[in-house]
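K.L.:
the amino acid sequence is not available; the structure is as follows:
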């Protein structure tokens, strides 16, 4: 094993190293969520704006940009999960006795259920990728922009994808768990980086709460309004009616 591998292994095996990995990947994931929400909100500007945005992403750097971005995001997501789980296992192994009741009572609900909210987020990410990225639904995958049939209709896909109340309900639950996870995770990032002090504790908590509320409202506004047909420009051509052949009377 060379010196670089030893250094990386030593960094990974230390609790400080894992905490830094969780913090740095957390910053990357929060940044992605904010950017993703802003991009999604283009749906309120109409079909052209959202489809132009989707087309730009898929053609950036001749199509390589989105794959490089996805690869980096998946790596950050996996490292975040592995480091968090490893830290949790280390903490449980090092704990000699259960926390006293007065200590746990001070912990927030979100911090005590981080592992469960995290698992819910993982399930949601998998579903979301299958729903809108892989597009396992052939009807969503085959949608074309009525104004430019050469490109995919991301706008129509989103509206059609949120016509199922069960899907919308799952999104509401999953995004709520995600924001619960973030409400504690953002503060933990500042603490790990040594930026959380007595003076900055309240502003950091307010910042985390603000980001959480904005993300919750931003992400859930789309499926909720799409379900009740509040958004939509009416440009999607109606589905062709099935052709029926009447029996001849002759």
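P.N.:
Perfect, thanks for sending it. Computed from a prediction, not measured in an experiment: that's the story for all the values here.
K.L.:
angles on the backbone of residue 144, please.
P.N.:
phi -120, psi 150 (degrees, to the nearest 10).
K.L.:
now it, nearest residue through space, not along the chain?
P.N.:
residue 153 (5.5 Å; C-beta to C-beta, 6 or more residues apart in numbering). Just so you know, the C-beta spots here come from the backbone N, C-alpha and C atoms, and that holds for glycine as well.
K.L.:
all strands for the protein, in order.
P.N.:
Here the chain has its strands, by DSSP state E, at 144-145, 148-152.
K.L.:
which of these sits most buried?
P.N.:
strand 144-145 (a mean of 18; mean count of other C-beta atoms under 10 Å).
K.L.:
the longest helix in the protein is where?
P.N.:
Secondary structure of the chain per DSSP state H: the longest helix is helix 64-94.
K.L.:
the closest residue to residue 190 other than its chain neighbours and residue 25, how far apart?
P.N.:
The shortest distance from residue 190 to any residue other than its chain neighbours is 4.3 Å, reached at residue 196 (C-beta to C-beta, 6+ apart). Going from residue 196 to residue 25 by C-beta to C-beta, to the nearest Å gives 18 Å.
K.L.:
kindly report the same for residue 218.
P.N.:
Counting by C-beta to C-beta, the gap from residue 218 to residue 25 is 22 Å.
K.L.:
neighbour count winner among those two?
P.N.:
Legend: neighbour count by other C-beta atoms under 10 Å for residue 218 and residue 25, higher for residue 25 (22 against 17).
K.L.:
hmm, that one is touching residue 76, no?
P.N.:
Yes - counting by C-beta atoms under 8 Å, residue 76 is a contact partner of residue 25 at 4.3 Å.
K.L.:
where's residue 189 relative to residue 166, distance?
P.N.:
Counting by C-beta to C-beta - residue 189 and residue 166 are separated by 34 Å.
K.L.:
looking at the two, which one has more neighbours?
P.N.:
Using other C-beta under 10 Å, the more surrounded residue of residue 189 and residue 166 is residue 189, with 21 against 7.
K.L.:
pLDDT score assigned to that one?
P.N.:
Note for residue 189: predicted pLDDT of 90.
K.L.:
same deal with residue 75?
P.N.:
You'll see residue 75 listed with a pLDDT of 94.
K.L.:
tell me how many other residues surround it.
P.N.:
The number of residues packed near residue 75 is 12, by other C-beta under 10 Å.
K.L.:
so what's it up against?
P.N.:
By C-beta atoms under 8 Å, 6 or more residues apart in numbering, the contact list for residue 75 is empty.
K.L.:
looking at the chain, which helix or strand is least sure?
P.N.:
helix 101-104 (a mean of 46; mean pLDDT, DSSP states H and E).
K.L.:
look up how far residue 191 lies from residue 198.
P.N.:
From residue 198 to residue 191 the distance is 12 Å (C-beta to C-beta).
K.L.:
ok, for residue 175, nearest residue in space, not its chain neighbours?
P.N.:
With C-beta to C-beta, 6+ apart, the residue lying closest to residue 175 is residue 219, at 5.0 Å.
K.L.:
state the pLDDT value of the one you found.
P.N.:
On the pLDDT scale, residue 219 gets 96.
K.L.:
residues in contact with it?
P.N.:
Residue 219 neighbours (C-beta under 8 Å, 6+ apart): 37, 40, 171, 175.
K.L.:
show me where the protein has its helices.
P.N.:
So, for the chain - with DSSP H - the helices run 3-13, 15-40, 47-59, 64-94, 101-104, 109-112, 114-128, 138-141, 154-161, 165-192, 201-227.
K.L.:
residue 147 is nearest to which of those?
P.N.:
Closest approach to residue 147 among the helices of the chain (C-beta to C-beta): helix 47-59, 6.9 Å.
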